[in-house]
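Novice: Okay, sequence plus prediction incoming.
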Amino acid sequence: MKNSVKITTFEWLLDLIYPCYCKGCGKIGTIFCRRCFFDNRAKNMPFFSDSDKEFHRIFACGRRQAVLSELISQYKFQSRRHYRKALSRYLSETILEFAPGEKFVVVPLPTIRKHIRERGFDHIGLLCRDFAEKMGFAVVLALNRKNSSVQVGADAKTRLEQAKGAYIINSKAVLDIKSHFLLVDDVWTTGATMRAARGVLEAELMRLGAKKSEIKISAICLAKNGGRGFS
């Protein structure tokens, strides 16, 4: 298993000109030194559920609060691309803790194209590449966005309506029906987007010949809004 991501020349120059400082102790060189990473993680523990009726398992790296919330917001809305290193570590450590040895195929939830243009990058796609490389997982772009509905600030009912029909299968994706798929998104609020994506992926796997009882689809988010339940 790989424990680090290849550093490009561009990234090396950015680190040299605009070095990172640990958010915990101020040490230069990384967003979180090892000690501060685990100190902050201990204050906002990851959790999972294996009792959901739709997913095999659902993982969360923590609740959306304090440092984790700040990292996600700045990464997503302020284009702090280098924050992906810390955030992919959250994903990796969560999987290593709760599903050690499990081999997943990573499926990013696709970002609205308008948001990619506005932010200059696909925050979920970039995060998933980092995470998958660290863990030695394959990444499959199995889903495409069908609409451009925006869920931020919407209530639960609106989110559910927006999520319906939000995704379609990427016709170019090659899917192995025996794989354990791991859907990845940044924040879980009502779970509407994750569940909509899971439904589309499951339908495609069944079309390819998989039995419903044999399909394994799990989900992971960086942070859970509210409590520790995945309703």
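Specialist: Great, that's in hand.
Novice: I'd guessed residue 107 sits against residue 201; true?
Specialist: Yes. The pair residue 107 / residue 201 is scored as a contact, 6.8 Å apart, by C-beta atoms under 8 Å. (Each C-beta comes from the backbone N, C-alpha and C, glycine too.)
Novice: And the two? Which one has more around it.
Specialist: Neighbour count, other C-beta atoms under 10 Å: between residue 107 and residue 201, residue 107 has more, with 27 against 22.
Novice: In three-state terms, label the more buried one for me.
Specialist: strand (DSSP: H, G, I helix; E, B strand; the rest coil).
Novice: how close does it get to residue 185?
Specialist: 10 Å (C-beta to C-beta, to the nearest Å).
Novice: Ok, residue 224 next?
Specialist: Relative to residue 185, and taking C-beta to C-beta, residue 224 is found at 11 Å.
Novice: any chance you could map the strands in the chain?
Specialist: Using DSSP state E, the strands found in the chain span residues 47-49, 58-60, 104-108, 138-139, 143-145, 167-169, 180-188, 216-224.
Novice: export the ones you listed to CSV and tack on distance to residue 208 and mean pLDDT?
Specialist: Putting the strands of the chain into CSV (distance: least, C-beta to C-beta, whole Å; pLDDT from 0 to 100) gives the following:
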stretch, distance to residue 208, mean pLDDT
strand 47-49, 27, 97
strand 58-60, 24, 98
strand 104-108, 14, 98
strand 138-139, 17, 98
strand 143-145, 15, 94
strand 167-169, 10, 95
strand 180-188, 13, 97
strand 216-224, 14, 98
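Novice: Compare those and report which one is nearest to residue 123.
Specialist: Nearest of the strands of the chain to residue 123, taken as C-beta to C-beta: strand 180-188 at 7.1 Å.
Novice: what angle separates that closest one from strand 216-224?
Specialist: Angle, strand 180-188 to strand 216-224, by axes from the mean of the first three to the mean of the last three C-alpha atoms, to 10 degrees: 20 degrees.
Novice: Residues in contact with strand 180-188: which ones?
Specialist: Contacts to strand 180-188, defined as C-beta atoms under 8 Å, 6 or more residues apart in numbering, come from residues 56, 58, 60, 64, 72, 76, 91, 102-109, 123-124, 127-128, 131, 137, 140, 142, 193-194, 197-198, 201, 216-225, 230.
Novice: Please repeat the previous calculation with a cut-off of 6 Å.
Specialist: With contact meaning C-beta atoms under 6 Å, 6 or more residues apart in numbering, strand 180-188 is reached by 72, 104-109, 128, 194, 197, 216-224.
Novice: Buried ones from those residues, can you make that a ChimeraX selection?
Specialist: The ChimeraX command for the buried members of those (criterion: 16 or more other C-beta atoms under 10 Å) is given here:
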select :72,104,105,106,107,108,109,128,194,197,216,217,218,219,220,221,222,223,224
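Novice: follow-up on the earlier one: find the residues that touch each one of residue 107 and residue 201.
Specialist: With C-beta under 6 Å, 6+ apart, residue 107 and residue 201 have common neighbours residue 142.
Novice: Alright, I will stop here.
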